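Asks: sequence below, structure please.
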Amino acid sequence: MRPGSVILTVVTAMGVVSGCADTGGGSSAPSPTSTRRVTVTSPAFAEGGTIPRRHTCDGEDVSPPLAFTGVPADAAALVVLVEDPDAPHGTFTHWLVWDIDPHETRLAAGRVPAGATQGRNGFGKTGYGGPCPPRGDRPHRYVFSVYATDRPLNGLSAGATADAVRGALTGHTLARGTLTGHYGR
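Replies: Purely as a prediction, here's the structure:
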């Protein structure tokens, strides 16, 4: 076997293995994609920074404030999906909320905008469940993804899963952006 084909084989195998584990409430559905970008920020933490205790299971467990820029003018709704890709049993969903008015430029801490719907997180509850990694683990990454859609996802019922939301986003995502924070215990 040539050296280049060994690398290709290893990379291919890693891609197959990394896509298999998902028992923590995350998704096995394809990730919605778009070439346009929404910028996602938070006054509570910077990109790559530490999520304050207030927004975790060790604090008040309220969603952090978020801000969005670059939402396309033709967007019909926004979707927020928060996941921990470092969870022990695969990607873990901490929050999903959809049908946010696309003119909203900020979400206040602990608030769900009027008209928006929340789904079921990996804890089995509807709403936000903050970072809560196992004690002693290295800090986990928490990815706050925002999607701008070309139509509302109002066909989904409250309590829908991340897989259902991703399915509804497929082919309807105009733009997306992420903000990643870290938290360890």
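
Asks: does residue 54 sit in a helix, a strand or a coil?
Replies: Of the three states, residue 54 takes helix under DSSP: H, G, I helix; E, B strand; the rest coil.

Asks: any idea how far it is from residue 45?
Replies: Applying CB to CB, to the nearest Å, the value for residue 54 to residue 45 is 11 Å. All C-beta spots, glycine's among them, are computed from the backbone N, C-alpha and C.

Asks: next one: residue 82
Replies: Residue 82 sits 13 Å away from residue 45, going by CB to CB.

Asks: so which of those two has more stuff around it?
Replies: Counted by other CB atoms under 10 Å, residue 82 and residue 45 do not tie: residue 82 has more neighbours, with 26 against 21.

Asks: if I pick the more buried one, what's in contact with it?
Replies: Each residue near residue 82 by CB atoms under 8 Å, 6 or more residues apart in numbering is listed here: 63, 93, 94, 95, 96, 128, 142, 143, 144, 145.

Asks: and it, what's its pLDDT?
Replies: The model reports residue 82 with a pLDDT of 98.

Asks: quick one: strands adjacent to the host helix or strand of it?
Replies: Assignment of secondary structure by DSSP states H and E places residue 82 within strand 77-84. Using DSSP bridges, the strands paired with strand 77-84 are strand 92-100 (antiparallel), strand 140-149 (antiparallel).

Asks: and the average pLDDT for the shortest one is what?
Replies: Along strand 92-100, the predicted local confidence has a mean pLDDT of 97.

Asks: just checking, next helix/strand downstream of it?
Replies: strand 106-107.

Asks: now the longest one
Replies: Per DSSP H and E, strand 140-149 leads on to helix 162-169 as the next helix or strand towards the C-terminus.

Asks: packing partners for that next one?
Replies: Packing partners of helix 162-169 (3 or more CB pairs under 8 Å, 6 or more residues apart in numbering; DSSP states H and E): strand 77-84, strand 92-100.

Asks: list the buried residues in that helix.
Replies: By 16 or more other CB atoms under 10 Å, the buried positions in helix 162-169 come out as 162, 163, 164, 165, 166, 167, 168, 169.

Asks: export the residues you listed as a markdown table, with columns for pLDDT.
Replies: Shown next, in a markdown table, are these (pLDDT from 0 to 100):
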| residue | pLDDT |
| --- | --- |
| 162 | 95 |
| 163 | 94 |
| 164 | 95 |
| 165 | 96 |
| 166 | 94 |
| 167 | 94 |
| 168 | 95 |
| 169 | 95 |
